[in-house]
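>>> Below are the sequence and a predicted model; questions follow.
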Amino acid sequence: MYFYGFVMKKNITIVFVLLLMVVLTGRVFALDYSGATSTSDYWKNWIQRFVTQKTIYRASNSTTQIQYGADYYKTRTRKVITPRSWEKETTPQPSTYVPPVSNTNRIYRARTSSLGTVIQQPQTSLKINILPIKQSKDVTELTIQPVRIFQIGLSNTSNANSTQFNEPIQLTQLTFQMYSNTGIAADPKNFSLIVSETEDQSFEFGSNGKVTLRFNNARLAKGDDLVLNVEIKVDNPQDTPHVNGALRVRVLDAVAQTETSLQKVTPVITGTPFSNLITFTPAGGVTGTPIVSGTPKQIVGKTLSAGEKAPVLALDFQAAYDDMLIQDITLHDTLSNNSIDSFVQKIQAIDNDTERVIGEARFTGGKARFHFSRPIQVQRNGDARVYFEVTLADSVNLASQSTQFKLEIAPADVVVSGVGSGNEVPDSNKNFSFQSETFLVVDSGGSMNISASSSQPDGFSAVESLEPVYRFIMNNPGSRDVSIGRLSFEVRLWGVEFPNGISVDDFELKQLQSGREVNGTSFVPSAVNGSVVTFDAPTEFFLHRHERVEFWLKVKMRDIAGANADQDSVAVQLLGDPSLSVGTLSQVRSSGANFIWSDNSGRPHTLGSADWLSGYLVSGIPTGLYRNYRGGR
């Protein structure tokens, strides 16, 4: 019984297997036999279909997933396979983050297909086609008009179909470089690029010849095209050397990304990324020997107050045969014995036409060296005007230091090169001819000035009495008081004479207020030397800050012929001094100075402090010779 039961069970199993094979065979016939031409083909199809269904069944029960690109929306139930990852399982990512698109084609089993339909994931790429624009003629005139060098075509070449999502691409930047640049283009910073999609904004080349253009709205959806026109221009035609030259430009790099996920997209550059040669011939060929010369602008030496700013030297640089680039200028002081290092805080080089500061330096050892980061450009047969302005220290001490200075410049102090020749100009071809001016720095009173009054006495009488013949004004617009210790006048007579020969009794100096004499004596005549009369203050006369005082000179005369004559007259001039004397009041008087004053810089200031000085470089003196005619009186 046991054996019989075993045989029955075995027979039943065999029958079941046979029935199953019949069912499967029938299904295969239904699916594939129509394509078989023989029994052999039938079994080959059957085996191939069996293996395929087994693979699909295995894949459909796997948890293997791929990284979805931006072109697909990930679903919670989608399961996919890749040719190389059937055996590798990973945990699904529940995040909504859309990873970057892979460059590898992926396949996955469509949810609606029971036979494992396969689909390729789309590729996203940016194609950049560069077409150089040939410059049909030379650039013969330097203007702000740009020259087109490239036309760049952009296209989004994604292969996604109409049912797939594909992110737009954004071009974020393009990098260009100038090369083979000579002559006028030797300095790349003279040029800028303009691209049509940057709203005509220009981008200046760096000293290394590179420039990077950044874009905000260069967006391309699938299938879109965009054309960029790239142009180059001269930044400042009026400041750019007018010499021959040439340049080329190349596209170095491009950067792009997807619009939403900001994933990097590697652009594919085609075409020719090198421009044609751009040539410049704005002024014909460069011939002859480069020559640069310096002619001074008018600068007048004077007294300067501490804390003041003042122009002290000016040059007009002129070029011949070539455009010039001035890289260095060194100024020398010849009077202060290096004291200028302490009383001049800084000195600036200023463009005379634009008033723009182009350089700044300090004095060290009596020298100030300017090295210009952007050289001064002097066009051929043109000029460039530059002046130098000093800023003085807030205080100086005449008793302890020499405060005179005089700046000079020699051919060797200017480093200049010819743009066309590329060579430094030798000293023999630098022709500087100018007259240096001397300046005196005082603690206060640098702005003090003396001048003749606009209202002068109308004639005079020659009756041996003191008659006013000359009016003058002393003005101190500065912020500190000064002191006056001496005044001197040259007096000349025509048709009249001094009653008993010239003497101190023939002169008087009176202060005026609203046209009337002020009681008292501020200055008394102390000496007569030839036609010069000197007045000394019994004690110092203070000319206070922002004060303006007026005096008139009175002279005693008599008639020579006994009757009025048309040419009877007296001429007066207030004198200054041709040289500087510094010391106490008595010391400066002993030097024979015509005018003596003090900036009150002594600590303390007294008649015996060494802060008194002569009338050297005082503004307004010597005054012009004023001649007063006797007239009807």
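It's in.

>>> What residues of stretch 582-593 count as buried?
Val582, Gly583, Thr584, Leu585, Val588, Arg589, Ala593 (16 or more other Cβ atoms under 10 Å). Bear in mind the C-beta positions are built from the backbone N, C-alpha and C, glycine included.

>>> My error: substitute stretch 471-485 in the last question.
Using 16+ other Cβ under 10 Å as the burial criterion, the residues of stretch 471-485 that qualify are 471-476, 478, 480-485.

>>> Now do the same contact list for the closest residue to Ser202 other than its chain neighbours.
Spatial nearest neighbour of Ser202, excluding adjacent residues (Cβ to Cβ, 6 or more residues apart in numbering): Ser192 at 3.9 Å. Contacts of Ser192 were listed using Cβ atoms under 8 Å, 6 or more residues apart in numbering, and they are Ser202, Phe203, Glu204, Phe205, Val211, Ile232, Lys233, Asp235.

>>> Over to Ser619?
With Cβ under 8 Å, 6+ apart, Ser619 has these contacts: Lys302, Thr303, Ser447, Met448, Asn449, Ile450.

>>> quick one: which of the residues you listed has the most company?
Of all those, Thr303 has the most neighbours under the rule other Cβ atoms under 10 Å, reaching 24 neighbours.

>>> Enumerate the beta-bridge partners assigned to that one.
Per DSSP bridges, the residues bridged to Thr303 are Leu440.

>>> how near is it to Leu407?
Remark: distance between Thr303 and Leu407 (Cβ to Cβ, to the nearest Å) = 16 Å.

>>> hey, where'd the strands end up in the stretch 251-400 of the chain?
Counting by DSSP state E, counting those that start in this stretch, the stretch 251-400 of the chain has strands at residues 264-265, 268-271, 278-280, 291-295, 303-305, 309-320, 324-333, 344-351, 357-361, 367-378, 383-392.

>>> so how many other residues sit close to the nearest residue to Glu424 once chain neighbours are set aside?
Excluding its sequence neighbours, the residue lying closest to Glu424 (Cβ to Cβ, 6+ apart) is Ser417, at 4.9 Å. Neighbour count for Ser417, taken as other Cβ under 10 Å: 20.

>>> Can you classify Ser417 as helix, strand or coil?
strand (DSSP: H, G, I helix; E, B strand; the rest coil).

>>> Surely it touches Lys430?
No - taking contacts as Cβ atoms under 8 Å, Ser417 lies outside contact range of Lys430: 11.6 Å.

>>> picking that back up, sitting in strands, which of the buried residues of stretch 471-485 do you find?
If you go by DSSP state E, these have Arg471, Phe472, Ile473, Met474, Asn475, Asn476, Val482, Ser483, Ile484, Gly485 in strands.

>>> now the contacts of Ser619 in TSV, with pLDDT?
Listed next are the contacts of Ser619 as TSV, based on pLDDT from 0 to 100:
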residue	pLDDT
Lys302	90
Thr303	92
Ser447	88
Met448	93
Asn449	93
Ile450	95
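
>>> just the strands of the stretch 251-400 of the chain: most buried one?
Stretch with highest mean neighbour count among the strands of the stretch 251-400 of the chain: strand 303-305 (a mean of 23; mean count of other Cβ atoms under 10 Å).

>>> which other residues reach that one?
Outside strand 303-305, the residues touching it (Cβ under 8 Å, 6+ apart) are 310, 390, 392, 439-448, 478, 480, 599, 616-619.

>>> Off-centre distance for it?
32 Å (Cα atoms, centre = their mean, to the nearest Å).

>>> Contact partners for Tyr470?
With Cβ under 8 Å, 6+ apart, Tyr470 has these contacts: Ala452, Gln456, Pro457, Phe489, Trp552, Leu553, Val570, Val572, Tyr626, Asn628.

>>> And the third one, how far from Gly620?
Translated: Pro457. Pro457 sits at a distance of 20 Å from Gly620 (criterion: Cβ to Cβ).

>>> What segments of the stretch 451-600 of the chain are helices?
In the stretch 451-600 of the chain, the segments counted as helices under DSSP state H, counting those that start in this stretch are 585-590.

>>> Based on its surroundings, how many neighbours for the nearest residue to Arg250 once chain neighbours are set aside?
Ranked by Cβ to Cβ, 6+ apart and with sequence neighbours excluded, the top spatial neighbour of Arg250 is Phe274, at 4.8 Å. Using other Cβ under 10 Å, Phe274 is surrounded by 16 other residues.

>>> could you list every residue that touches Phe274?
Phe274 sits next to Pro132, Arg248, Val249, Arg250 when contact means Cβ under 8 Å, 6+ apart.

>>> Take those residues and lay them out in a markdown table including secondary structure, neighbour count and distance to Val139.
Compiled in a markdown table, the contacts of Phe274 are given as follows (DSSP: H, G, I helix; E, B strand; the rest coil; neighbours: other Cβ atoms under 10 Å; distance: Cβ to Cβ, whole Å):
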| residue | secondary structure | neighbour count | distance to Val139 |
| --- | --- | --- | --- |
| Pro132 | strand | 21 | 16 |
| Arg248 | strand | 17 | 14 |
| Val249 | strand | 27 | 14 |
| Arg250 | strand | 18 | 19 |
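
>>> Output the below-cut-off pLDDT ranges for the protein.
Applying pLDDT under 70 to the chain flags residues 1-124, 134-138, 159-165, 197-200, 238-243, 282-292, 294-297, 433-435, 562-564, 632-633.

>>> Next, the contact list for Asn600, please.
With contacts defined as Cβ under 8 Å, 6+ apart, the neighbours of Asn600 are Asp443, Ser444, Gly445, Arg480, Asp481, Val482, Ser483, Asp611.

>>> Could you dump the ones in strands among the buried residues of stretch 471-485 into JSON lines with distance to Ile184 added?
As requested, those are exported to JSON lines (distance: Cβ to Cβ, whole Å):
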{"residue": "Arg471", "distance to Ile184": "63"}
{"residue": "Phe472", "distance to Ile184": "59"}
{"residue": "Ile473", "distance to Ile184": "57"}
{"residue": "Met474", "distance to Ile184": "58"}
{"residue": "Asn475", "distance to Ile184": "54"}
{"residue": "Asn476", "distance to Ile184": "55"}
{"residue": "Val482", "distance to Ile184": "56"}
{"residue": "Ser483", "distance to Ile184": "61"}
{"residue": "Ile484", "distance to Ile184": "61"}
{"residue": "Gly485", "distance to Ile184": "63"}
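
>>> From Val234, how far out is Ser421?
The gap separating Ser421 from Val234 is 21 Å, by Cβ to Cβ.

>>> The two: who's more crowded?
More neighbours surround Val234 than the other of Ser421 and Val234, with 22 against 18 (other Cβ under 10 Å).

>>> and that one, what does it touch?
Here Val234 is in contact with Leu142, Thr143, Ile144, Asn190, Phe191, Thr240 (Cβ under 8 Å, 6+ apart).

>>> Equivalent analysis for Ile152, please.
Ile128, Asn129, Ile130, Leu131, Leu174, Val227, Leu228, Asn229, Val230, Val251.

>>> likewise Ile169?
Thr124, Leu126, Asn156, Arg219, Leu220, Ala256, Gln257, Thr258, Glu259, Val265.
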